Each structure stands twice: as structure tokens, then as C-alpha cells.
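K.L.:
Turn this into a structure:
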Amino acid sequence: MVDAPRPAADCAGSEPPDGMKHICVYLGGHVGYKKRYVEDAETLGRLMAVDGVGLVYGGARVGLMGALANAVLSNGGFATGVVPRQLEYQDLAHEGLSRLYVVDTMHQRKYKMQSLCHACIALPGGFGTIEEIFEALTWAQQPLELHEKPCVFANVDGYFDHLFRFLDHAAAQGLLLERNRALARQSPTAEAALRSIQAAWDAEEEALQQVLREYQP
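P.N.:
Presented below is the predicted three-dimensional model:
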């Protein structure tokens, strides 16, 4: 007998408050060697909860991912996780999230995370963190322009310095357009990254209101 195909996504949990904006945060499944990485993840989670910004992330209970989600939840915030089934089966999924999606593939995971968020932050992490934030940047770059969500690297203790030197090198070699290079923003802390995104949201809202004012009779 052939198993019936699984749905693209199973969802358990509650719905976020109406009008809540969400940030997709990419970060490590390990805590790393610097206490500062954990501290910034926890600070970001606490500030997002206090400011009423929802979290979207990879859904794990371990590493920096778990530290971030726990900080959101312990401060009364809303945390959404998206995990592939194989991660759930490895008992790494966070069981206390506000909402948890379980998808079949890593590609579906990344697409679902993007569909749920209004901006992206990268905290220190490895292959997965870099791959996911770069896919978000790829979708935003010209001529694709599949979204206009701000993408900010929280360059904690210079963690991403080498990466940004590479991006500058790629642009200098003419292989990364300068206007696309500018999409990869950086801030020195997680809090500064959050404030940068909130400023971008405020500017977007003001631009929209200006357009509406111009078209009012």
C-alpha cells in the first residue's frame, strides 16, 4: 500500500493578534563559545515581545534558537516555529511555542517562514543561518524583487565582518550589483537590528500615508 501524501504543512497552536508584524530570525542551533551571542538572542526576544512583534524562526528548542524563543515566550510574546518533519522526529522541536508548523521539506520550511514575516534578522549561526538569510536577500534583489522586506544582520562582536568583506569584494568585482549589495544591512547588536527594521516599517507607513494624502479629494 502506498502512503497517502502528507499535507504541505500541519499547524498546531493559536493565531497571532490581528495586525501583528513578524520578524523571521535566522540563528544558530548551537550556542557558540561567546556568552554575548546568547545574551543578544535573549535581548532580541525580550524586546520583540515587549514591542508586540511576533517571532518566526526555525522552531528548535536548542542553541541560540531556543534561547530566542524562550525569551519571547517568557515575556508574553508570540513565537511561531516552522520545522521539517525530520527535525520534529529528532525531538528538537520546541513544544511550548504559540504556533508550530510542520512541513515536508526544507524548501517548504524556508518558503513558509518568508510567507509569515515582514522582515528578517540574522544572528550568529552557521550554514543554515547564512543560507536562509541569503535566500531572502536573493528574492529581494533586482531584477527578481519578490519582496521588499528589510534584511538586517546583527553583527554581534563583529561575527559577520568577514562575510561583509566578501560582499564588498563581490561588488568590487562587478558580480554583485551595488544596489543589491545595499540590501544586506548590518547593525552592531540585535537591539539595533530590531530598531533598524522598526524604522524601516515607520518609513514605509509614512510613505503610504503620504500617497493616500495626495490622492484624497
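
K.L.:
Output the helix or strand of the chain with the lowest mean pLDDT in CSV with nothing but the alpha carbons.
P.N.:
When the helices and strands of the chain are scored by mean pLDDT, DSSP states H and E, helix 85-89 comes last with a mean of 77. The C-alpha trace of helix 85-89 is given here as CSV (Å, rounded to 0.1, in the frame of the first residue of the first chain):
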residue,chain,number,x,y,z
ARG,A,85,9.3,16.6,9.8
GLN,A,86,12.7,15.1,10.2
LEU,A,87,13.6,17.7,12.8
GLU,A,88,10.4,17.0,14.7
TYR,A,89,11.3,13.3,14.6
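
K.L.:
which outside residues touch it?
P.N.:
Residues outside helix 85-89 that contact it (C-beta atoms under 8 Å, 6 or more residues apart in numbering): Arg6, Gly58, Gly59, Ala60, Ala93, Val102, Val103, Asp104. No exception for glycine: its C-beta is placed from N, CA and C like everyone else's.

K.L.:
What is the most widely separated pair among these?
P.N.:
Pairwise distances across the contacts of helix 85-89 (C-beta to C-beta) peak at 20.5 Å, for the pair Arg6 and Ala60.

K.L.:
Between those two, which has more neighbouring residues?
P.N.:
Using other C-beta atoms under 10 Å as the criterion, Arg6 and Ala60 rank with Ala60 on top: 21 against 11.

K.L.:
Skipping adjacent residues, who's closest to that one in space?
P.N.:
Leaving aside its sequence neighbours, Ala60 sits nearest to Leu92 (C-beta to C-beta, 6 or more residues apart in numbering; 5.0 Å).

K.L.:
Same check on Tyr57?
P.N.:
Here the nearest residue to Tyr57 in space, its sequence neighbours aside, is Val25; by C-beta to C-beta, 6+ apart that works out to 5.0 Å.

K.L.:
and the one you found, helix, strand or coil?
P.N.:
Judged by DSSP: H, G, I helix; E, B strand; the rest coil, the three-state class of Val25 is strand.

K.L.:
List the contacts of it.
P.N.:
Leu44, Leu55, Val56, Tyr57, Leu68, Cys120, Ile121, Ala122, Leu123.

K.L.:
please redo it, this time with the cut-off set to 10 Å
P.N.:
41, 44-45, 48, 55-58, 64-65, 68-69, 72, 79, 113, 117, 119-123, 125, 129, 132-133, 154, 190, 193-194 (C-beta atoms under 10 Å, 6 or more residues apart in numbering).

K.L.:
Are we agreed that Leu97 is in a helix?
P.N.:
No. Counting by three-state DSSP, Leu97 is located in no helix; its state is coil.

K.L.:
ok, now which ones touch it?
P.N.:
Neighbour list for Leu97: 12-14, 55, 57, 59, 61, 69, 72-73, 78-83 [criterion: C-beta under 10 Å, 6+ apart].

K.L.:
Tell me the buried residues in the longest helix seen in the chain?
P.N.:
The residue-count maximum for a helix in the chain (DSSP state H) belongs to helix 190-215. Neighbour counts using 16 or more other C-beta atoms under 10 Å place Ala190, Ala192, Ala193, Leu194, Ser196, Ile197, Gln198, Ala200, Trp201 of helix 190-215 among the buried residues.

K.L.:
Can you tell me how far the fifth one is from Ile23?
P.N.:
Ser196 sits 11 Å away from Ile23, taking C-beta to C-beta, to the nearest Å as the criterion.

K.L.:
Mind listing the shared neighbours of the two?
P.N.:
In terms of C-beta under 10 Å, 6+ apart, Ser196 and Ile23 are both contacted by the residues Ala119, Ile121, Pro150, Val152.
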